[in-house]
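Undergrad: Here is a sequence together with a model predicted from it:
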Amino acid sequence: MSRCAAPSVELYLKTNCDLPLRTQTMIEPRRVYLLCPAILLALSACSTGNMAPANSPVRLTILHTNDHHGHFWENADHEYGLAARKTLIDRVRAEVKSEGGVTLVLDAGDVNTGIPESDLQEAEPDFRGMSLVGYDAMAVGNHEFDKSPAVMQHQQREWSNFPWLSANIYQNGAHLFSPYHIFSVGGLRIAVMGLTTNDTAKMGVAERFPGVQFRPPIDEAATLVPALRRQADVVIALTHMGHYPDGKHGVNAPGDVELARAVPGIDMVVGGHSHNAVCMLEPNVRNDAYVPGAPCAPDRQNGAWIVQAAEWGKFVGRADFELRNGKLELVKYRLLPVNLHKIASGAVTSRPYTEEIPEDKQMLALLQTFRDRAGGKLLEKIGRTSGSFDGVRLHVRNYATNLGRLITTAMMKKTGADLALISSGSIRDSLPAGVVTYRDLLMVQPFGNHIVVVSMRGDELQNYLQAVARMTPGSGAFAQYAGMRMQLTSDRRIASITIGGKNIDPQAIYRIAVNSFIAKGGDGYPDLSRHPDNFDTDLSDVAVLRDYIADHDLLNPEDFIP
């Protein structure tokens, strides 16, 4: 830490920031949390330029995760979970320290939304667990905005002892979060800049956060990086933007590759949002069949290393660098599996890909309280299925599945609509064979959307469906639907539409059921919120699916083949 940083920041916290007392005193020997624009000015005034030793190399290890999505507890196969993650990170920290190096632990966002035990408790176990791990900083993900401003304040100021960073999110013209943080460790000044996909604006955030604005992150980085280069030895972009090989981002907003190509001066991009293990086969070709424990080569664009550690805490990414005479070199990069298991050919039980990691007892004690609190409601029996319904992310985002049809059929049944449609990003898990519990349904649809019915004339509906048809396969905007059939040309234009087995009539009136997320223009869908024939049923998506399953003694997946 520079000699003038701590008193200046403390002074600004006490005199210029409208923050609670806990935040004012959040100063630790090796960290300063940047929480208001005035502090940024203080740090700029205190900057003394590069401080790394001229000759001897400085070893720096970056550990990173992303897209945690509520997975604070291990799964049924004893994979991942914060308790094992803490053990792994503690081991690496100790190893690096023993060799004279320094470590930063970063998360690239989307801690919220995905696991019922977490969702029911507003992700408190996740943020408190990450604080116990000792994370240094987190990028703000789009799903942090699933919560209300009040809940976000609890998460950020009470349950997190690390800064939330985003340089491109503004509210009423001011940064809503700290744009960056400069760490002073081991004689190094390391600038970590946060960036958030501006696709977040498609989530209807403005209703809950009036005056919020998501500016293009590349534009913000282009302004900020030159200033950070003058203050720091290393510049890291901690992003929640997604990794799209060769910058081919489809309907998604530009991601990490586009950022690195557009903005020189970034040493490393630690990313999230697209849930990929970023391991490259060759330049601009990602290995999407990466096997845990195998070597992993990160992407490299315009001098910046680009990394991402899949999702849910399945891996902890580890990048070991050396800084010598002002030049940063990557010595080694690895994705460290967190108790991931495989089933060998012909075997019945699974075994870990790598050495099993024991769970940290202190973390288990913390998390067990939250797990117990989630309680029995999650285990309530809803119905039964004779086989599984496919909600695998790679599947639902690329083609129609039986689960997509089940959900939209339930929407049609409940509302009497002629057709129903959701974006595939609304589906987050498969529905298992056998007994279906309330927890299973929350795993499938964790977002708390409700059902909206809109009446349209046939020609208007055809225009709406043409916009839907252009949603790129592979993205969360890709549609799942029931009650209609569409035939598309090679350039994804509609050749024909049938509804209820009949060709669409341009003059007839049709009722379409959608969830509230896409009704408000989420995922880039046409905004139906101001449509004159828009009716919000106030029925939650989970309740609609629950009622449909409960009304059937046994659901057969074969009956819902698209």
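TA: Everything's here; your move.
Undergrad: hey, let's count contacts and neighbours off CA atoms from now on
TA: Fine.
Undergrad: Got phi/psi on the residue nearest in space to the middle of the chain?
TA: Centroid check for the chain by Cα atoms, centre = their mean gives Asp110 as the closest residue, at 3.4 Å. Per-residue torsions, Asp110: phi 60, psi 60 (degrees, to the nearest 10).
Undergrad: Val435 now?
TA: With angles defined as degrees, to the nearest 10, Val435 sits at phi -70, psi 130.
Undergrad: Would you mind giving me the confidence score for it?
TA: As predicted, Val435 sits at a pLDDT of 96.
Undergrad: what residues are up against it?
TA: Lys381, Ile382, Gly383, Arg384, Thr385 (Cα atoms under 8 Å, 6 or more residues apart in numbering).
Undergrad: Buried members of those residues into PyMOL, please.
TA: To isolate the buried members of the contacts of Val435 in PyMOL, using 16 or more other Cα atoms under 10 Å:
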select buried, resi 382+383+384+385
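Undergrad: which two in the contacts of Val435 are spaced the farthest apart?
TA: Spanning the widest gap among the contacts of Val435 are Lys381 and Thr385, at 11.8 Å by Cα to Cα.
Undergrad: Give the intersection of the neighbour lists for those two.
TA: Counting by Cα under 8 Å, 6+ apart, the residues touching both Lys381 and Thr385 are Val435, Val436.
Undergrad: Could you check how far the closest residue to Glu355 other than its chain neighbours is from Gln368?
TA: With sequence-adjacent residues excluded and distances taken as Cα to Cα, 6 or more residues apart in numbering, Glu355 is closest to Asn339, at 7.6 Å. Distance of Asn339 to Gln368, given as Cα to Cα, to the nearest Å: 19 Å.
Undergrad: returning to what we had before: hmm, the residue nearest to Glu355 is touching Asp77, no?
TA: No. Asn339 lies out of contact with Asp77 (Cα atoms under 8 Å); the separation is 9.0 Å.
Undergrad: More neighbours: which of the two?
TA: Comparing Asn339 with Asp77 by other Cα atoms under 10 Å, the one with more neighbours is Asn339, at 25 against 14.
Undergrad: Next, that one: secondary structure please.
TA: Following DSSP: H, G, I helix; E, B strand; the rest coil, Asn339 is assigned to coil.
Undergrad: Could you pull up the residues touching Ala123?
TA: Taking Cα under 8 Å, 6+ apart as the test, what Ala123 contacts is Gly70, Val111, Asn112, Thr113, Gln155.
Undergrad: Can you lay out those residues as CSV showing distance to Ala374 and neighbour count?
TA: Formatted as CSV, these follow (distance: Cα to Cα, whole Å; neighbours: other Cα atoms under 10 Å):
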residue, distance to Ala374, neighbour count
Gly70, 13, 26
Val111, 18, 27
Asn112, 16, 26
Thr113, 15, 28
Gln155, 18, 21
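Undergrad: which residues touch stretch 408-425?
TA: Here stretch 408-425 makes contact (Cα under 8 Å, 6+ apart) with 396-397, 404, 451, 453, 475-484, 499-500, 510-515, 518, 523, 541, 544-545, 548.
Undergrad: picking up where we left off before, just the closest of the contacts of Val435 to Asp256, please.
TA: Nearest to Asp256 among those: Thr385, at 41.0 Å, using Cα to Cα.
Undergrad: what is that closest one paired to in the beta sheet?
TA: On the basis of DSSP bridges, Thr385 is bridged to Gly434, Leu555.
Undergrad: Stretch 213-222: which residues count as buried?
TA: Gln213, Phe214, Arg215, Pro216, Pro217, Ile218, Glu220, Ala221.
Undergrad: Restricted to strands, list these.
TA: Of those, the ones assigned to strands by DSSP state E are Gln213, Phe214.
Undergrad: Which pair of the buried residues of stretch 213-222 spans the longest distance?
TA: Most distant of these, by Cα to Cα, are Gln213 and Ala221, 15.8 Å apart.
Undergrad: wait, the residue nearest to the centre of the chain sits on His275?
TA: No. Counting by Cα under 8 Å, Asp110 sits too far from His275 to count as a contact (10.4 Å).
Undergrad: His341 - nearest residue in space that isn't next to it in sequence?
TA: That would be Pro352: by Cα to Cα, 6+ apart, it lies 4.1 Å from His341.
Undergrad: separation between the one you found and Ile422?
TA: Counting by Cα to Cα, the gap from Pro352 to Ile422 is 36 Å.
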